[in-house]
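*Asks:* Task: produce atomic coordinates for the following.
(one chain, ligands or ions: 2)
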Amino acid sequence: MRIPLPKVRELIEAVRAVVKGPFTTQFPKKVDSVHPNFRGILKFREEKCICCGACVQVCPTDAREIIVDQEKGVRRNIHHADRCIYCAQCVLFCPTEAIYHTPEFDLSRTERGGWDTTVEKELVYCEICGEPFATKAQLLWIAHKVGDLVNSNPTLFLTLYQSLGVALPQEPPFGALPYRSGTMRILCPDCRRKTYMTEEWGY
Ligand code: SF4
Ligand code: SF4
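*Replies:* Ligands and ions are numbered 1, 2, ... in the order given. The predicted model follows:
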């Protein structure tokens, strides 16, 4: 039987591997570093997330979810990592840079689950209809973003001033208010519009 001779290229590679070491790594014993732009598992910068829900809107695989938990008074943002395809749309569209890719790529497990990450932010309720319409963090973020223009929107400046301790929270009437009595309140966009547009209205 004739033993085939190794090709020249394979011989060169074999010699190179003896000198420089093998091309492959001994994963998982030895973990290689990855490219800086590598899209590994996603994490939240919890302090930056305002629970606005923009990431949920752009996620193509429903890997992100917003839940309004009225019992706890919070809006919850959940990342279901087992549904994530690492497309980075949420990273791109998050207005506060609250999501980032880690270089972590070793995600194999024997059980599904256990990967979810969650952020919770305090809800703000409309003082007329009583419905939650935003998070406090979201309103404060907008208030800082618009600068002096904050004074044109009572919902924004009242939230801001209350957080600074220079305005006191009002007792919510939870019912329709006539124009003027209703304007200087924290209101959802719908009640704000009705308050400005209609003298007297009710639900
Ligand atoms: S701040 Fe960013 S991470 Fe938080 S809900 Fe909005 S888009 Fe998602
Ligand atoms: S990386 Fe893509 S799939 Fe994963 S949570 Fe973000 S938008 Fe959804």
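*Asks:* Could I get the phi/psi values of residue 150?
*Replies:* phi -60, psi -30 (degrees, to the nearest 10).
*Asks:* Do you have the helices of this structure handy? List them.
*Replies:* Along the chain, counting by DSSP state H, helices occupy 8-20, 54-58, 89-93, 136-146, 154-164, 189-197.
*Asks:* which helices and strands does the last one pack with?
*Replies:* Helix 189-197 is packed against no helix or strand, with contacts defined by 3 or more C-beta pairs under 8 Å, 6 or more residues apart in numbering; DSSP states H and E. To be clear about C-beta, it is placed using only N, CA and C from the backbone, and glycine gets the same treatment.
*Asks:* what's next to it, contact-wise?
*Replies:* Residues external to helix 189-197 that are found in contact with it (C-beta atoms under 8 Å, 6 or more residues apart in numbering): 126, 128-129, 133, 155, 176-177, 179, 182-183, 185, 187, 201.
*Asks:* 6 Å instead, please
*Replies:* 126, 128-129, 182-183, 201 (C-beta atoms under 6 Å, 6 or more residues apart in numbering).
*Asks:* quick revisit: now tabulate the helices of the chain in JSON lines and tack on distance to residue 111 and mean neighbour count.
*Replies:* Output for these, formatted as JSON lines (distance: least, C-beta to C-beta, whole Å; neighbours: other C-beta atoms under 10 Å):
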{"stretch": "helix 8-20", "distance to residue 111": "37", "mean neighbour count": "10"}
{"stretch": "helix 54-58", "distance to residue 111": "26", "mean neighbour count": "17"}
{"stretch": "helix 89-93", "distance to residue 111": "25", "mean neighbour count": "15"}
{"stretch": "helix 136-146", "distance to residue 111": "33", "mean neighbour count": "18"}
{"stretch": "helix 154-164", "distance to residue 111": "42", "mean neighbour count": "18"}
{"stretch": "helix 189-197", "distance to residue 111": "44", "mean neighbour count": "16"}
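*Asks:* where does this structure dip in pLDDT?
*Replies:* Within the chain, the stretches falling below the threshold (pLDDT under 70) are 1-6, 179-180, 199-203.
*Asks:* one more time with 90
*Replies:* 1-37, 41, 81-82, 103-115, 128, 167-184, 192-203 (pLDDT under 90).
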